[in-house]
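K.L.:
let me see the structure of the following:
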Amino acid sequence: MKVLQLNTHASGGSYEYASLLSAALAEQGIESHVLCKNQSAEASRPYLDRVIRRSYVSLSTEPWHGTRRLLCPPAPEDLDGVDVVHLHTVADWFDVPSWLEILPKHIGVIVSLHDMWHFTGGCFLYRGCNLYSETCAPCPILKTPLNRVLAKDEQRRKLRAYRNRRVQFVANSQWLANLAERSPIVRVCGGTRVIPPGIDTTIFRPQDKAESRANFGIAQDAFVIAAGAASLADTNKNIQWLLQQLAKLSGLDNVLILLAGEGAIKTPVGLNVRAVGRVPDRAKRSKLFGAADVFVSASLMETYGVTLIEAMSCGTPVVAFRVGGIPEAAPDGQVALLCEPLDGSAFLAAIERLRSSRQLRDELGRAASNLALPRNNKGQFAAAFPQIYRACMKTVRTDVSNQFWTSQWT
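P.N.:
Next up is the predicted model:
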């Protein structure tokens, strides 16, 4: 069996998911490769595609991506010998519906849902709008009058293409699966299966705190808070709000914020923030989590929260908002302290509670590690996919065979 994993960028949570899955499948004897958008093609993007992309931005008030793109999809040679194509986050790459129409019929298609894009008219994050369960119109994030046309057309294109290819969906949380199954795109394809994301638990596991702090040159008696995002400017990750709240903590002289992620952000006066940049190296990330007393997230929406489970697996308790799939990933009161979105008082109270009790930090940290290590280990994660791939291939072979015999009798 040969599997091709497709993800737009060679970074971010969906890429981590795809690359970890691919490596774990290889350990099971399944050939798997990850293919991302060609960066040289991005640099020389056709002028009309740039116009299309900019128009999407100008026509929407939040991130919205249509499927009509002019960048090149995977080349025929990339598909040589492939049995299954596994799509991840591909919204900013090629025209997916059109590509699925011409994809060789013997190749099965799996979609891992990391956000809402695959089953909506172009949005990513759930903000309480359920119009995608019908026609995605009028879209609340598109400007008038195209709000009645664009998203509806996008949903129609996906519905036809995904139905014709008998796409099989995999969600990273039950919360996301429940959302997806309201969509006609997913319903017509038979629903979705839930597989929690995996992490490399040989790397993300309880760390020696003193050693981890020594690696980063951190005082042993400091209260260390870890936080971060792929992009510090991502409004959904809410990093600026987070720093503003942390600046209200008492006794800041003994508080250090380890902030990971690309980009620069304004730091409140008096808050000791050490920006460590992007940390793609997993071993270094595990040391960062191991050096922290708590990992905090102010993300406004997460379909699961892979960074949270990486921290948990290292024995670090979590403080976050009670949104999306986070309560599944980090159950409140058991391994984490969760509060309502943008409730600054409750957020700070949770941090202060952990700060004042070493015993509570240790109890939640042990429970977090004991939950994440078996549930999210990469072996269990990857073991769930071969069965899905085989079922997909069987469906495709049946469809091809039926089409052959139908053509013989017509």
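K.L.:
only C-alpha atoms for contact and neighbour calcs from this point on.
P.N.:
OK.
K.L.:
and V57, how close does it get to G263?
P.N.:
Note on V57: its distance to G263, by CA to CA, to the nearest Å, is 21 Å.
K.L.:
what segments of the stretch 301-410 of the chain are helices?
P.N.:
Ranges of helices within the stretch 301-410 of the chain are 306-313, 326-329, 344-356, 358-375, 378-383, 385-408, based on DSSP state H, counting those that start in this stretch.
K.L.:
mind checking the pLDDT average for the longest one?
P.N.:
pLDDT averaged over helix 385-408 equals 71, rounded to a whole number.
K.L.:
could you report the neighbour count for A283?
P.N.:
By the criterion of other CA atoms under 10 Å, A283 has 13 neighbours.
K.L.:
which stretches in this protein count as strands?
P.N.:
With DSSP state E, the ranges of strands along the chain come out as 2-6, 31-35, 84-87, 108-113, 168-171, 192-194, 223-231, 255-262, 273-277, 294-296, 318-321, 336-339.
K.L.:
among these, which comes closest to G121?
P.N.:
Nearest to G121, of all those, is strand 108-113, at 14.5 Å by CA to CA.
K.L.:
what pairs with the closest one, parallel or antiparallel?
P.N.:
Strand 108-113 has its sheet partners listed here by DSSP bridges as strand 84-87 (parallel), strand 168-171 (parallel).
K.L.:
confidence score at the residue nearest to S286 when sequence neighbours are not counted?
P.N.:
In space, and not counting its chain neighbours, S286 is closest to F204: 5.4 Å by CA to CA, 6 or more residues apart in numbering. Note for F204: predicted pLDDT of 97.
K.L.:
any weak-confidence spans in the protein?
P.N.:
39-45, 398-410 (pLDDT under 70).
K.L.:
now with 90?
P.N.:
Flagging of the chain using pLDDT under 90 yields the residue ranges 11-13, 38-57, 59, 62-63, 70-71, 92, 264, 394-410.
K.L.:
turn the strands of the chain into JSON lines, columns for distance to A350 and mean neighbour count.
P.N.:
As requested, the strands of the chain are exported to JSON lines (distance: least, CA to CA, whole Å; neighbours: other CA atoms under 10 Å):
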{"stretch": "strand 2-6", "distance to A350": "39", "mean neighbour count": "23"}
{"stretch": "strand 31-35", "distance to A350": "40", "mean neighbour count": "19"}
{"stretch": "strand 84-87", "distance to A350": "38", "mean neighbour count": "21"}
{"stretch": "strand 108-113", "distance to A350": "31", "mean neighbour count": "23"}
{"stretch": "strand 168-171", "distance to A350": "30", "mean neighbour count": "24"}
{"stretch": "strand 192-194", "distance to A350": "30", "mean neighbour count": "18"}
{"stretch": "strand 223-231", "distance to A350": "12", "mean neighbour count": "22"}
{"stretch": "strand 255-262", "distance to A350": "15", "mean neighbour count": "20"}
{"stretch": "strand 273-277", "distance to A350": "20", "mean neighbour count": "16"}
{"stretch": "strand 294-296", "distance to A350": "10", "mean neighbour count": "25"}
{"stretch": "strand 318-321", "distance to A350": "7", "mean neighbour count": "26"}
{"stretch": "strand 336-339", "distance to A350": "6", "mean neighbour count": "24"}
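K.L.:
between those, which one is closest to E328.
P.N.:
Closest among these, once you apply CA to CA, is strand 336-339, at 10.9 Å.
K.L.:
ok so, going back, mind putting the strands paired with strand 108-113 into a markdown table with distance to L252?
P.N.:
Converted to a markdown table, these look like this (distance: least, CA to CA, whole Å):
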| stretch | distance to L252 |
| --- | --- |
| strand 84-87 | 45 |
| strand 168-171 | 41 |
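K.L.:
contacting residues around R156?
P.N.:
Going by CA atoms under 8 Å, 6 or more residues apart in numbering, R156 touches T135.
K.L.:
what do you get for E302?
P.N.:
In this structure, E302 makes contact with 323-326, judged by CA under 8 Å, 6+ apart.
K.L.:
out of the residues you listed, which is most surrounded?
P.N.:
So for the contacts of E302 (other CA under 10 Å), the most neighbours sit at I326, 25 neighbours.
K.L.:
and for the closest residue to Q207 other than its chain neighbours, the neighbour number?
P.N.:
Leaving aside its chain neighbours, Q207 sits nearest to G290 (5.0 Å; criterion: CA to CA, 6+ apart). Around G290 there are 28 other residues, counting by other CA under 10 Å.
K.L.:
same check, this time on S345
P.N.:
11.
K.L.:
for W241, same thing?
P.N.:
Neighbour tally, W241, other CA under 10 Å: 14.
K.L.:
residues touching it, list them.
P.N.:
A298 are the contacts of W241 under CA under 8 Å, 6+ apart.
K.L.:
look up how far A233 lies from it.
P.N.:
For W241, the distance to A233 - CA to CA - is 11 Å.
K.L.:
ok, I141 - contacts?
P.N.:
By CA under 8 Å, 6+ apart, the contact set of I141 is 60-62, 64, 147.
K.L.:
Y132 reaches G121, doesn't it?
P.N.:
Yes - Y132 is within contact range of G121, at 6.8 Å (criterion: CA atoms under 8 Å).
K.L.:
anything in contact with each of the two?
P.N.:
Overlap of the contact sets of Y132 and G121 (by CA under 8 Å, 6+ apart) consists of Q155.
K.L.:
compare these two (neighbour count), which wins?
P.N.:
More crowded of Y132 and G121, by other CA under 10 Å: G121, with 28 against 25.
K.L.:
can you report how many residues lie near N38?
P.N.:
N38, neighbours per other CA under 10 Å, totals 16.
K.L.:
now G261: closest residue in space that isn't a chain neighbour?
P.N.:
Closest residue to G261 apart from its sequence neighbours, by CA to CA, 6+ apart: R278 at 4.3 Å.
K.L.:
so the one you found sits against L259, correct?
P.N.:
No - at 9.3 Å, R278 and L259 do not qualify as touching, with contact defined as CA under 8 Å.
K.L.:
residues contacting the closest residue in space to T67 that isn't next to it in sequence?
P.N.:
Leaving aside its sequence neighbours, T67 sits nearest to D95 (CA to CA, 6+ apart; 5.0 Å). For D95, the contact set (CA under 8 Å, 6+ apart) comprises 67-71, 73.
K.L.:
can you check L271 too?
P.N.:
246-247, 252, 255-257.
K.L.:
reformat those as CSV; add distance to L364.
P.N.:
Listed next are the contacts of L271 as CSV, based on distance: CA to CA, whole Å:
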residue, distance to L364
L246, 21
A247, 24
L252, 24
V255, 20
L256, 21
I257, 20
